[in-house]
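Engineer: Got a sequence here, can you model it:
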Amino acid sequence: MDILPTPSVTTTTEYIPPVYDYVNVDPNNSGCEPIPESLTSKKTGQKAWDKCIEYQEKLVYPCEKGVALTGDLSRSNRCHHNADELIIGGTDAAQYEFPHMVMIGYGDKIEELQWLCGGALISEKFVLTAGHCIASRDLGPITYVAVGALRRGDAADRSRVYKVKNIIKHPQFQPPVKYHDIALVETENTIKLDQFVVPACLHVGDAVNDEKVQATGWGLTQYSGSVSDTLQKVVLNKFSTAECAAKYQPVRLMRQGFDPQSQTCYGDKLVSKDTCQGDSGGPIQIKNKNISCMYTVVGVTSFGRACGFVGEPGIYTRVANYVSWIEGISHVIGGEPIANCHILGTFPDFVLLLRNFRKIVKCLVIFSPTREWNLRPRVMEFKGCFKNGDWEDWEGNWTSGNLTHTTKHNAGVVSQCTHTGNGQKGRCVNMKDCPTAVRDLKFKIYPQICSFNGSSKIPNICCLEEAKNVTAILGPHAKTSNSDDQGLCPLFVSDAPYYSKKPKNVPETSKAWNKCLEYQAKIKLPCKNGTKEFAPYCGRREQLIVGGGGIDAEKDEYPHMALLTYGKEFMTSVFGCGGSLISEKYVLTAGHCSATAKGVPVSFAVFGLLRSEEMHRSPEGSIRGVQRIIRHPDHKPPATYHDIALLELDREIAFSPSIRPACLQVEDVFEQRAYASGWGLLGYRQSNANVLQNIPLWRVSDEDCKAKYLTHRTFKDGLDNATQICYGDDGLVRDTCSGDSGGPLQIRNENVFCTHLILGVTSFGKFRCGQIGTPGVYTKVPHYVTWIESVVWP
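Structural biologist: Numbers count the residues shown, from 1 in each chain. Alright, predicted model coming up:
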């Protein structure tokens, strides 16, 4: 069954925690603290499940002796888990006409960067772009952004280029699905703002005239043409919801069709105007009628059909639908702190300030975990922020996650809190006095903050282990004053904003709106004298996957993959199937992989391999002979039922970050999307893949699958719903092929961190693999868990 390459961006890049330098792994895991509950699950007594947790404990978070002289044991982190391009009919933009435009670059060397997407600057450290732009198939994740550029060559000025620190895709963006196609890019250093580099405003949901918008980008100037060297701009017309819905009906990557809540579409019904490849992530914008000389971003270029076709609109992500999410991240992280406001700190991932023009400044604490699966971001908004000696006093109002009471804090206050990660009661203590919080930091789990004291940069956090017998909610605290001489956080003062008028329906508390005002006041934007018009100084979308489907796997992305070879001697043996390591001595594969068509039995298994061409050069420690082949007792070849087998290795394999087992799906529950992996043929009558391929596949209903696979000699009863399941793609050439047999159909394990979950084993498909609309058949692993357990873990 076949895995074909694709030229498009389909992977999701995730944050990888640091790997600490430990030695002398303790195989018994004695002397170490347990793995935090948020990263693992409880054992159930079912062997496959419990073994999965055991492997996680030994391999992903092993108990190791540190390099320090104390030789203390501690848990290490060894996780290696590893996220379409569009201006037709446009004209050259003027220098600095769109000062928020950003070029997004990919590549390791700054002098060789490729600028493949666009974005919009929305703060000193954040760029708004499309979710599908977070990584390139060939070059990896976003590495740099360039601001203040008109031409691509302007990026040669290194002062315009900033290194990327963090990439945050919307938590609901699940590529290749096209919904929630939005992301934020955080720069390592604060971007220098001036009149030529100005953040744009965000459409916060108020009524605006967006029937016509301007799209900007450096993408293709025509379908199959070349990219533009100079920033292009084009006026696009809005299509009605009904027109968009008719153009974009439900398909596999848009199962609900056009979503008017999160998407909008623009184009032209009379002439060829559109965004095109390379414009992805760039903004569609309007001139802000309420804030002179500023643009408002109403959408992010997402995707479309072949660009530039008259009457064919492109799809854009509606910014207004995501303002709360954007505010919760971009308008707090990276902001400049007020020096005299000692609630501020430099604790990792925290910047604790939002300024506005009110008499009492608002100070915010934001917790922004770098992995979306940990804890959701939560913000504490302080209605007052004061300094009085060595402590502060404020009223806390949690907008996401709640304290049990609105409290006032000082150095003598002890507060009860509710940990929003698990609902348990805790007690607010200094973080250094909470061992569990210190431990969790190694796993990139940040604590829930209660407060800061004085000039200390170490916060008071909600400590669960201090929750016993907590009855006091408040301790004594002194009376405070909001006068300037008592240390009131200084307000930001500047010239009056140019032509600012708040829309009626925008709340005073809108952070996006207030930041927009702040940027306008901070930057002296040259406008035409006495007018609201922009002076000359005020100045994409990805293509859909149309072929292939497989992408190169990353090193150690699938550490359970086994390459199976056939022949008496390893150096002359040949590749034939794939498999999955599920224990120290057992590989899971397909029953028909137990021997070749000529009866040559499977002889060797190679682990930790990325490139198949290197199998005969693999280290001795990664090669094992097959000692015993255990086919399922009901597998009767050439029949294709119960097509599953276990291979016992001649000796145990040593686990490492590159070689470790996968978990088994023990429930008869199957995700709509799963991933197959293997070194099989890249297509019908093509060669085997050199680099391990992985491919996203969609579940196909039993009824549709039965219609594709009628009964025949080796499939007399048709599809057996209890033991077989189908995955494929109705619209694209995506399939497994010859050589992928025996390999896994898998998902990432959400319950046990940094492992994969095997749903199925690649069994068979049509002779001509990769036919559009023809799924492959996979053996359901849950049906055979009891049998597997009886063999592997008797």
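Engineer: Could I get the buried residue list for stretch 99-108?
Structural biologist: Neighbour counts using 16 or more other C-beta atoms under 10 Å place 99-107 of stretch 99-108 among the buried residues. To be clear about C-beta, it is placed using only N, CA and C from the backbone, and glycine gets the same treatment.
Engineer: Pull up the distance across that stretch, start to finish.
Structural biologist: Stretch 99-108 has an end-to-end distance of 26 Å (criterion: C-alpha to C-alpha, to the nearest Å).
Engineer: which among the buried residues of stretch 99-108 gets closest to residue 123?
Structural biologist: residue 100 (10.4 Å; C-beta to C-beta).
Engineer: ok so, going back, just the ones of the buried residues of stretch 99-108 in strands?
Structural biologist: 101-106 (DSSP state E).
Engineer: now, which of those sits nearest residue 93?
Structural biologist: Among these, and counting by C-beta to C-beta, the member closest to residue 93 is residue 101, at 8.0 Å.
Engineer: What's the separation between the nearest residue to that closest one once chain neighbours are set aside and residue 270?
Structural biologist: Nearest-residue entry for residue 101: residue 216, 5.7 Å, with adjacent residues in sequence omitted and distances by C-beta to C-beta, 6 or more residues apart in numbering. Using C-beta to C-beta, to the nearest Å, we find residue 216 at a distance of 21 Å from residue 270.
Engineer: Of these two, which one has the most company?
Structural biologist: residue 216 (28 against 8; other C-beta atoms under 10 Å).
Engineer: Now do stretch 260-278, average pLDDT.
Structural biologist: Mean per-residue pLDDT for stretch 260-278: 73.
Engineer: what's the following helix or strand after the one helix or strand residue 564 maps to?
Structural biologist: In this assignment (DSSP states H and E), residue 564 forms part of strand 561-566. Per DSSP H and E, the first helix or strand lying C-terminal to strand 561-566 is strand 574-581.
Engineer: Beyond that next one, next helix or strand please.
Structural biologist: Per DSSP H and E, strand 574-581 leads on to strand 586-589 as the next helix or strand towards the C-terminus.
Engineer: Name the residues that touch the helix or strand following that following strand?
Structural biologist: Sequence-wise, the next helix or strand downstream of strand 586-589 (DSSP H and E) is strand 602-607. Residues from elsewhere that reach strand 602-607, judged by C-beta atoms under 8 Å, 6 or more residues apart in numbering: 561-568, 570, 573, 576-577, 579, 581, 587, 589, 593-595, 615, 618, 622-626, 629, 647, 649, 653, 658-659.
Engineer: re earlier: which two from the ones in strands among the buried residues of stretch 99-108 end up farthest apart in space?
Structural biologist: Those two in those that are separated most widely, counting by C-beta to C-beta, are 101 and 106, at 17.4 Å.
Engineer: on that earlier part again, now the strand holding residue 564 against strand 602-607, angle please.
Structural biologist: Inter-element angle recorded for strand 561-566 and strand 602-607: 150 degrees (by axes from the mean of the first three to the mean of the last three C-alpha atoms, to 10 degrees).
Engineer: packing partners for strand 561-566?
Structural biologist: Secondary-structure packing of strand 561-566 (3 or more C-beta pairs under 8 Å, 6 or more residues apart in numbering; DSSP states H and E): strand 574-581, strand 586-589, strand 602-607.
Engineer: Could you pull up the residues touching residue 256?
Structural biologist: Applying C-beta under 8 Å, 6+ apart, the residues near residue 256 are 179, 250.
Engineer: SS state for it?
Structural biologist: coil (DSSP: H, G, I helix; E, B strand; the rest coil).
Engineer: How about the one 4 residues further on?
Structural biologist: Going by three-state DSSP, the secondary structure assigned to residue 260 is coil.
Engineer: Look up how far residue 321 lies from it.
Structural biologist: 10 Å.
Engineer: Give the next helix or strand downstream of the strand or helix carrying residue 629.
Structural biologist: Element membership for residue 629, per DSSP H and E: strand 623-631. Of the helices and strands lying after strand 623-631 in sequence (DSSP H and E), the nearest is strand 645-649.
Engineer: Which strands or helices does that following strand pack on?
Structural biologist: Using 3+ C-beta pairs under 8 Å, 6+ apart, strand 645-649 sits against strand 586-589, strand 602-607, strand 623-631, helix 785-792.
Engineer: just the angle between that strand and strand 574-581, please?
Structural biologist: 90 degrees.
Engineer: Okay, now the unreliable bits of the stretch 251-400 of the chain?
Structural biologist: 271-279, 290-292, 305-310, 328, 330-400 (pLDDT under 70).
Engineer: What count of nearby residues applies to residue 196?
Structural biologist: Neighbours of residue 196 (other C-beta under 10 Å): 19.
Engineer: likewise the one 3 residues further on?
Structural biologist: The local packing of residue 199 (other C-beta under 10 Å) involves 29 other residues.
Engineer: can you pull the pLDDT of residue 118?
Structural biologist: 92.
Engineer: Find the nearest non-adjacent residue to it, please.
Structural biologist: For residue 118, the spatially nearest residue (C-beta to C-beta, 6+ apart) is residue 282, at 3.0 Å.
Engineer: Residue 715 and residue 708: what is the separation?
Structural biologist: 11 Å.
Engineer: try residue 552
Structural biologist: 29 Å.
Engineer: coming back round to it: hang on, the residue nearest to residue 101 in a helix?
Structural biologist: No: read with three-state DSSP, residue 216 is strand and lies in no helix.
Engineer: what's in contact with the strand holding residue 564?
Structural biologist: Counting by C-beta under 8 Å, 6+ apart, 573-581, 587, 589, 593, 595-596, 600-607, 609, 612, 615, 647, 677-679, 692, 742-744 sit against strand 561-566.
Engineer: Now which of these would you call buried?
Structural biologist: 573, 575-581, 587, 589, 593, 595, 602-607, 609, 612, 615, 647, 677-679, 692, 742-744.
Engineer: Report the strands that pair with the strand holding residue 629, each with its relative direction.
Structural biologist: strand 602-607 (antiparallel), strand 645-649 (antiparallel) (DSSP bridges).
Engineer: In it, which of the residues would be classed as buried?
Structural biologist: Buried residues in strand 623-631 (16+ other C-beta under 10 Å): 623-624, 626, 629-631.
Engineer: Repeat that for stretch 232-252.
Structural biologist: Result for stretch 232-252 [16+ other C-beta under 10 Å]: buried residues 232-234, 236, 238-239, 243-245, 247-248, 252.
Engineer: Of those residues, which pair is most distant in space?
Structural biologist: Longest span within these, C-beta to C-beta: 233 and 252, 33.7 Å.
Engineer: hmm, back to that, turn the helices and strands packed on strand 561-566 into CSV, including mean pLDDT and distance to residue 721.
Structural biologist: Output for those, formatted as CSV (pLDDT from 0 to 100; distance: least, C-beta to C-beta, whole Å):
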stretch, mean pLDDT, distance to residue 721
strand 574-581, 94, 23
strand 586-589, 96, 21
strand 602-607, 96, 29
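Engineer: Residue 192 is nearest to which of those strands?
Structural biologist: strand 602-607 (49.3 Å).
Engineer: Need the contact partners of the strand holding residue 629.
Structural biologist: Counting by C-beta under 8 Å, 6+ apart, 570, 591, 594-595, 601-607, 644-651, 653, 791 sit against strand 623-631.
Engineer: okay, it in PDB with CA atoms only?
Structural biologist: Output of strand 623-631 as PDB, limited to C-alpha atoms (Å, rounded to 0.1, in the frame of the first residue of the first chain):
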ATOM      1  CA  ILE A 623      19.300  -4.900  14.500                       C
ATOM      2  CA  ARG A 624      17.600  -8.000  15.800                       C
ATOM      3  CA  GLY A 625      16.900 -11.400  14.300                       C
ATOM      4  CA  VAL A 626      13.400 -12.800  14.400                       C
ATOM      5  CA  GLN A 627      13.400 -15.800  16.700                       C
ATOM      6  CA  ARG A 628       9.700 -16.700  16.400                       C
ATOM      7  CA  ILE A 629       6.800 -15.800  14.200                       C
ATOM      8  CA  ILE A 630       3.300 -15.900  15.800                       C
ATOM      9  CA  ARG A 631       0.500 -15.400  13.400                       C
END
